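*Asks:* Turn this into a model:
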Amino acid sequence: MASPLILKALRFANGDNVPLILRLKTESLTGVDLRSGHQTLPLPRSTVTVAPKLATYAGSPLAKSTQGSAVEALLEFAKQHGFHEVTQ
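*Replies:* Predicted structure coming up:
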């Protein structure tokens, strides 16, 4: 899966639009497999997908996530900018 998030504008029949962030229910990413066609390409040993150290450097865009998760950081950013979570 490319991303567990879908971002789009949702248009209602009356013409109004609302921004939407849809989080798909998926297992957490545990690694990365970079490919060119059928060939697996090497990754640097330091490749990580989620780590607290990713959130602690100066100016980190992941600073809003204590776990260093891009998904968590984006969802927290959205909440701080007026998005409301709907769980139904």
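*Asks:* Look at Ala73 and say how many residues are nearby.
*Replies:* Per other Cβ atoms under 10 Å, the neighbour tally for Ala73 reads 20. Placement of C-beta: from N, CA and C, glycine included.
*Asks:* go on, Ile21?
*Replies:* Counted with other Cβ under 10 Å, Ile21 comes out at 15.
*Asks:* same deal with Pro4?
*Replies:* 15.
*Asks:* which stretches of this protein form strands?
*Replies:* 5-11, 17-23, 35-36, 39-40 (DSSP state E).
*Asks:* Which one, of those strands, ends up nearest to Ser60?
*Replies:* When the strands of the chain are compared by Cβ to Cβ, strand 5-11 sits nearest Ser60, at 18.8 Å.
*Asks:* Show me where this structure dips below the pLDDT cut-off.
*Replies:* 1, 29, 46-47 (pLDDT under 70).
*Asks:* Let me know which of the strands of the chain is the nearest to Ala73.
*Replies:* Nearest to Ala73 among the strands of the chain is strand 5-11; the distance by Cβ to Cβ comes to 11.4 Å.
*Asks:* and the direction of the closest one versus that of strand 17-23, what angle?
*Replies:* 160 degrees (axes from the mean of the first three to the mean of the last three Cα atoms, to 10 degrees).
*Asks:* Which neighbours in the sheet does strand 5-11 have, and how are they oriented?
*Replies:* strand 17-23 (antiparallel) (DSSP bridges).
*Asks:* Run through who's touching the partner strand.
*Replies:* Strand 17-23 is contacted from outside by 4-12, 71, 74-75, 78, 83, using Cβ atoms under 8 Å, 6 or more residues apart in numbering.
*Asks:* show me what contacts Gln80?
*Replies:* Lys64.
*Asks:* how close does it sit to Gln67?
*Replies:* For Gln80, the distance to Gln67 equals 17 Å [Cβ to Cβ, to the nearest Å].
*Asks:* hang on, the earlier thing: take the strands of the chain and write them to JSON lines, including distance to Thr56.
*Replies:* Listed next are the strands of the chain as JSON lines, based on distance: least, Cβ to Cβ, whole Å:
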{"stretch": "strand 5-11", "distance to Thr56": "23"}
{"stretch": "strand 17-23", "distance to Thr56": "24"}
{"stretch": "strand 35-36", "distance to Thr56": "31"}
{"stretch": "strand 39-40", "distance to Thr56": "31"}
